[in-house]
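Visitor: give me a 3D structure for the following:
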Amino acid sequence: MILVAQVSDTHFDLGDRNAERARRVFDFLTGLRRAPDLILATGDITDSGKPEQYEQARAVFAVDIPVLTIPGNHDDRVAFRTALLGVPAASGPINRLHRVGDLTVIALDSSIPGEAGGALGADTYRWLRAVLAETPADHRILMALHHPPAHLFSPIVDEIALAEPDRLAEVVAADDRILAVLTGHAHSPATTTFAGRPLLIAPSTATVLGGVWELELPHHVMDYAPDPAVALHLIGENRALTTHFRTVPMSGHCGHAQ
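Guide: So this is what the prediction gives:
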């Protein structure tokens, strides 16, 4: 079994609230009887892309489990590289790769500097095709990005989702190794299908964003009351993917069954 934990939209903002909620989730993950093989953070690591916010995130992400991060629309590519990843400054997309066992996790940068919506550029598609070509034929693949490439019935996110989703769908549909597409951005756990595969949207650790059935715009957009949550993706020996969404309490007992 391979276990990938997905956190999203942590929105580190130099305040205590969001940092403590993310820390609580990371404490939960590191305390599991079966530790995750990877923690995947699908964007909006910070609230406004300041170097100090990435330093705050880096302190929470410093655990004995590999952490794979990609930017979201609230992030800044230069500060993301220098302050979070500790690599030289650059302005191009931050596409990343992690392999564990026979699982390949491909993380794509769907952010557009200065814009809320998302897109995958020509450089990213070239990189993606090269990675797919070099990935062993017997590997299973999880593809991750920040912006969902599907309609989620969200009065906020649907207006700033991934542009040209059909282009990505062609790539996904053509590769049987891809088990699912994972995203964030929606601040709500959700599932649907995309290119014939599961599209799994992780909850935010910071807030919950309601859907069209419950929001009265422009008011009551974000709910700050619910506890943070995480998605747990398990790939079994039968090569099937199972996902659990788990709430992590901010008060009271947060231990694990013995």
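Visitor: could you pull out the strands for the stretch 51-200 of the chain?
Guide: 67-70, 96-100, 103-107, 140-144, 178-183, 190-194, 197-201 (DSSP state E, counting those that start in this stretch).
Visitor: okay, Ser91: pLDDT?
Guide: In this model, Ser91 is scored at 85, pLDDT.
Visitor: got the contact list for it?
Guide: Ser91 sits next to Arg77, Val78, Pro113 when contact means Cβ atoms under 8 Å, 6 or more residues apart in numbering. (Each C-beta comes from the backbone N, C-alpha and C, glycine too.)
Visitor: are any of those residues buried, and which?
Guide: Buried members of the contacts of Ser91, scored by 16 or more other Cβ atoms under 10 Å, are Arg77.
Visitor: for the contacts of Ser91, which one is nearest Leu38?
Guide: Using Cβ to Cβ, Arg77 is the member of these that lies nearest Leu38, at 22.2 Å.
Visitor: could you dump the strands of the stretch 51-200 of the chain to CSV with mean neighbour count?
Guide: As requested, these are exported to CSV (neighbours: other Cβ atoms under 10 Å):
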stretch, mean neighbour count
strand 67-70, 22
strand 96-100, 16
strand 103-107, 22
strand 140-144, 24
strand 178-183, 24
strand 190-194, 16
strand 197-201, 21
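Visitor: would you format the contacts of Ser91 as JSON lines with pLDDT included?
Guide: Below are the contacts of Ser91 laid out as JSON lines (pLDDT from 0 to 100):
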{"residue": "Arg77", "pLDDT": "97"}
{"residue": "Val78", "pLDDT": "97"}
{"residue": "Pro113", "pLDDT": "96"}
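Visitor: hmm, back to that, okay, the strands of the stretch 51-200 of the chain in JSON lines with mean pLDDT next?
Guide: JSON lines is the format used below for those (pLDDT from 0 to 100):
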{"stretch": "strand 67-70", "mean pLDDT": "98"}
{"stretch": "strand 96-100", "mean pLDDT": "98"}
{"stretch": "strand 103-107", "mean pLDDT": "98"}
{"stretch": "strand 140-144", "mean pLDDT": "98"}
{"stretch": "strand 178-183", "mean pLDDT": "98"}
{"stretch": "strand 190-194", "mean pLDDT": "98"}
{"stretch": "strand 197-201", "mean pLDDT": "98"}
